[in-house]
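**Q** Sharing a model prediction with you, sequence too.
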Amino acid sequence: MNKTACDPALVDRQDCILVVIDVQEKLMPAIHDRERVVANTTTLVRFCGICGIPVIFTEQLKLGTTLSQVRDAARDFIAVEKIHFNCFLNDEFSGAVARSGRRTLVLTGVESHICVAQTAIPAAPQWRVHVISDAVSSRSPENKVIALQRIHDAGAVISSTEMFIYEILVKAGTDEFKAVLPLVK
C-alpha cells in the first residue's frame, strides 16, 4: 500500500470543515450530558484552530449566543443565524460551505434528532458526513440514540472526538501532535 495514499474512509484535513450546530445559551441547560458535549465541542474547535481546519457555527434564532467557552476556543468566531432546522436551508450557511471547497462535513452540536439530523441526512448523498457522537446530544438520550441510527442509515459516518483528532493527525511525534496532546489528555 502506498504510504502517502489517503484512505477515503478516513477524514482528510484538506477536505473537511467542522460545523458546530446551535451550542447556545438558552438551549444547552436542557441538553442531556451537556458538559461532555460542550467539552468535546470546545476541544474540536481548538483542535481545528491548531490544524487550520475551517469551522462554521450556527445559532438558531431566539436561543441566545453560542456558549462563551466554545466561542472563545475559535480563532475567528462568526455565527450563521438561522430559523430552519436543516442548516442547508440557510443561504449564508450553504454559501459558506460551498466557498470552503471542502466535501466532508464534520458535525457537532444539538439537538441530535432535530438540527443535526435534519442537516446530516439530506447532506449525506452530496457530502461525506461525519457526526461526532460524543459532541452531539438532545434533551433526552433516547432521541440521541434514534438520531444517530437514522443518520448512520442515511450514509453518514458516526465517529468520536478522539477518532477525528487522530485521523487528522495521522502520526505522532510532530510539533502539531505535541501541540494537540494537551487537548486529549
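**A** Happy to help now that I have it.

**Q** just the strands in the protein please.
**A** Secondary structure of the chain (DSSP state E): strands at 16-21, 55-60, 79-82, 104-110, 128-137, 157-159.

**Q** mind checking which of those is nearest residue 37?
**A** Residue 37 lies closest to strand 128-137 among the strands of the chain, at 4.8 Å (Cβ to Cβ). Every residue, glycine included, has its C-beta placed from N, CA and C.

**Q** partners of that closest one in the sheet?
**A** strand 104-110 (parallel), strand 157-159 (parallel) (DSSP bridges).

**Q** measure stretch 167-185 end to end?
**A** Using Cα to Cα, to the nearest Å, the end-to-end distance of stretch 167-185 comes out at 17 Å.

**Q** Please list the outside residues in contact with it.
**A** Outside of stretch 167-185, the residues within contact range by Cβ atoms under 8 Å, 6 or more residues apart in numbering are 10, 11, 13, 16, 43, 46, 47, 50, 51, 53, 162, 165.

**Q** Identify the spatial nearest neighbour of the third one, chain neighbours not counted.
**A** The spatial neighbour of residue 13 that comes closest, neighbours along the chain excluded (Cβ to Cβ, 6 or more residues apart in numbering), is residue 168 at 4.8 Å.
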